[in-house]
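Student: Need coordinates for the below:
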Amino acid sequence: MLLRFGYVSTALSLWEASPSRALTFTNWKKQDTDGRKEKLHHLTEENLINTLRALHYNIAHGIDIYRMSSSLVPLATHPEVKWDFVTPFRPLFEEIGALVKKHALRVSFHPNQFTLFTSPQDHVTDNAIIDMSYHYEMLEAMGLHKEATMNIHVGGAYGNKQGAIERFDQNFIKLQQPIRRQTTLENDDKTYTAEETLQICEKHGVPFVFDYHHHWANPGEEDFRELLPRIFATWDGTGKSPKFHLSSPKSEKLYRAHADYVEKDFAMDFIKALKDYGKSADIMIEAKAKDKAKDKAALNLVEELKKVRGFKRVKGAAIEI
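Tutor: Residues are numbered from 1 along each chain as shown. This is a model prediction of the structure:
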C-alpha cells in the first residue's frame, strides 16, 4: 500500500511564493477604474504564477498532493466587484491544469469556514453557493472540474444539531449537481463528529475527508478504526484513493490549534490504523507556522516515517508499506 502526503497552498521553501496575495474592498474602492483593474490583474497574475511555481517545486520534490489557495483571485465573490477573472488569465489557468494532468498530481480547494449550508439565514446559503461556484469556475478554467475536489465542513449547529442537519440536506442540493459531485465533507473539531459527517456523506453520495486531529479533539462515541470501511466506501467510484487530513495539537491547552509540524508519535496511531486496513490513501498535512512548516512539515514527517520498520520512502512525500 502507498501513503502519499501533501501540504496546503504555500511552498515556504520558495522565495516570495505566496499564491494568496489579497486586495481589500476598502483599498479597491480608493482606486479609479483603471487602477482597480490593474491591481486586480496584477495580484491575480502573481497568485497564478506562484501556484505554478509551487507545482513545479512539488514535482521536483516528489509531492503529489497539493491544496491550492482559495484566494487566487482577489475579490472574486464580492457583490460590488464581480469581475471576469477567467478570460484575461485563461492561458495561466490552462497551464496549471495541464501541469497537474501531465504529472498526475492531486489538487483540491478548501473554501473558507463561512462556506456552509446549515445556517437558518438565506443569505449565508446564497453566499456559500457563490463561493462554491467561484471555486468550480476556477477548476473549469483549469480543465480539472471533473477530478479536483472542494472540501468543506458541515457547518454550525445553531443550538439544534438535528435541525441544522436537515437544513444542510435542503440547502446543499441547491448547488448545481456538477459542483456537488466535486464536493467533499470533513468532520470538525467542535461540532460534527466523524460519524455524523459520515452519515451526511453517505446520504448525499459525497466522499468523506476524515481529519484525525479533529476526531481526536471531537471524537464522539466512535472508534475511527471501525469507521474506516465506510470512509473508504464513500470514495468508491471516484477513481481516487481516500483523502485524510493530519495535524498535531499545538499544546495541551491549545489542543485544537495546529502545531508547526506533525509529531510522529501523535500521528502513529492513525498511520498504523491505515496500515492495518491495508489500502492506499492520500494525507494532507495541515501545519500552520508561517515561517517553518507547510511543505517542510510534510517532508519532515515522511523523513521520520521512513525510519519505521516496514516503511519505505519511495518518493519525496510518499511511503510504501
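
Student: Would you mind identifying the next helix or strand past the longest strand seen in the chain?
Tutor: Looking across the chain with DSSP state E, the single longest strand is strand 2-8. Beyond strand 2-8 on the C-terminal side, the first helix or strand identified by DSSP states H and E is helix 25-30.

Student: That next one packs against which elements?
Tutor: Packing contacts for helix 25-30, counted by 3 or more C-beta pairs under 8 Å, 6 or more residues apart in numbering; DSSP states H and E, involve helix 33-60. In this view, the C-beta of every residue, glycine as well, is placed from N, C-alpha and C.

Student: and residue 247, how many residues sit next to it?
Tutor: Burial measure for residue 247: 26 neighbouring residues, criterion other C-beta atoms under 10 Å.

Student: no no, residue 222
Tutor: Residue 222 sits with 14 neighbouring residues when counted by other C-beta under 10 Å.

Student: Checking my notes, it in a helix, right?
Tutor: No. The assignment for residue 222, made by DSSP: H, G, I helix; E, B strand; the rest coil, is coil rather than a helix.

Student: quick one on the thing from earlier: list the strands paired with the longest strand of the chain, with their directions.
Tutor: According to DSSP bridges, the neighbouring strands of strand 2-8, each with its direction, are strand 65-67 (parallel), strand 281-285 (parallel), strand 318-320 (antiparallel).

Student: For that strand, give the mean pLDDT please.
Tutor: Mean pLDDT, computed over strand 2-8, is 97.

Student: rewinding a little: tabulate the strands paired with strand 2-8 (JSON lines), appending mean pLDDT and mean neighbour count.
Tutor: Putting the strands paired with strand 2-8 into JSON lines (pLDDT from 0 to 100; neighbours: other C-beta atoms under 10 Å) gives the following:
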{"stretch": "strand 65-67", "mean pLDDT": "98", "mean neighbour count": "23"}
{"stretch": "strand 281-285", "mean pLDDT": "97", "mean neighbour count": "24"}
{"stretch": "strand 318-320", "mean pLDDT": "98", "mean neighbour count": "19"}
